[in-house]
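Student: have a look at this prediction, sequence included:
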Amino acid sequence: MTGAAEQLDSAGQAIPGVIEDTFDHPGVPDAFQRLWVPHRMVYIGGQDKPEDPSAPKCPFCRAAASDDDAASLVVRRGSHCFTLMNLYPYNPGHLLVLPYRHVADYTELTDAERIELGEITAQAMRTLRHVSGPDGINLGMNQGEVAGAGIAAHLHQHVVPRWRGDANFLPIVAQTKAVPQLLDDARQALAQAWDAANTAADVK
Ligand SMILES: [Zn+2]
């Protein structure tokens with residue numbers, strides 16, 4: 001534990017939170033910190049899910065159109081696709097790679113989108129290895145709500161860094177909302193390392 005964080009609830013009351021350094025957790029020797037706020041689990045219940053699957057209600061389309069990358073947690077933009085921090089990370093550094101276009105299915109991508117989605121995914125992997133040295137990485141796309149997609153209407157590929165032993169607390173972390181401030185710290189670290197993460201030495 002390295003300190004206390006203060007957040008305000010809807011009534012303006014301070015909510016106590018605790019920032020734990022991940023070095024305190026077994027098997028998670030990474031560069032990021034984790035905010036441990038189990039009381040915030042009451043806020044997790046789909047309240048941030050879009051009211052309907054249309055583009056105007058889509059948080060990914062909002063991020064795509066935003067001109068403030070820090071506020072929208074965008075790490076890198078390409079011509080057809082971009083990558084941003086997952087607001088509900090399974091692990092620190094959990095990225096999403098997605099097309100700018102509001103399309104649901106992998107088969108709907110143009111060739112150019114599909115190629116760049118792959119290129120950005122590869123560079124996201126290099127950057128994560130450069131910044132936080134994970135032991136492994138999960139890549140995956142959930143196609144349809146029944147397959148686990150939180151925002152099924154806008155295709156997104158997960159890039160999840162993994163560390164030995166992290167499965168021990170994944171179920172807890174998956175239900176814990178990290179605060180944007182910490183996500184932005186991670187975003188900044190990854191955005192700054194993006195172009196440098198090109199050497200073969202970064203590949204495990
Ligand atoms: Zn969208």
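Tutor: Cool, the structure landed. Residues are numbered from 1 along each chain as shown.

Student: so for the nearest residue to Ser54 once chain neighbours are set aside, what's the pLDDT?
Tutor: Once flanking residues are discounted, Ser54 sits nearest to Ala153: 7.6 Å by C-beta to C-beta, 6 or more residues apart in numbering. For every residue, glycine as well, the C-beta is placed using N, CA and C. pLDDT recorded at Ala153 is 94.

Student: what's the answer for Glu145, then?
Tutor: 84.

Student: and it, its phi and psi?
Tutor: Glu145 adopts backbone torsions of phi -60, psi -40, taken as degrees, to the nearest 10.

Student: ok, now which ones touch it?
Tutor: Ala152 (C-beta atoms under 8 Å, 6 or more residues apart in numbering).

Student: Val97 versus that one, what's the distance?
Tutor: 20 Å (C-beta to C-beta, to the nearest Å).

Student: and for His80?
Tutor: 11 Å.

Student: overlap in contacts, the two.
Tutor: Common neighbours of His80 and Val97 (criterion: C-beta under 8 Å, 6+ apart): Leu117.

Student: more neighbours, the two?
Tutor: Each of His80 and Val97 has its neighbours counted (other C-beta atoms under 10 Å); Val97 has more, 27 against 19.

Student: so the more buried one sits against Cys81, correct?
Tutor: Yes: the pair Val97 / Cys81 is scored as a contact, 6.2 Å apart, by C-beta atoms under 8 Å.

Student: remind me what the longest helix along the chain packs against, helices and strands.
Tutor: With secondary structure taken from DSSP state H, the chain has its longest helix at helix 111-132. Contact partners of helix 111-132 among helices and strands, from 3 or more C-beta pairs under 8 Å, 6 or more residues apart in numbering; DSSP states H and E: strand 74-77, strand 81-85, strand 95-99, strand 136-140, strand 157-162, helix 180-193.
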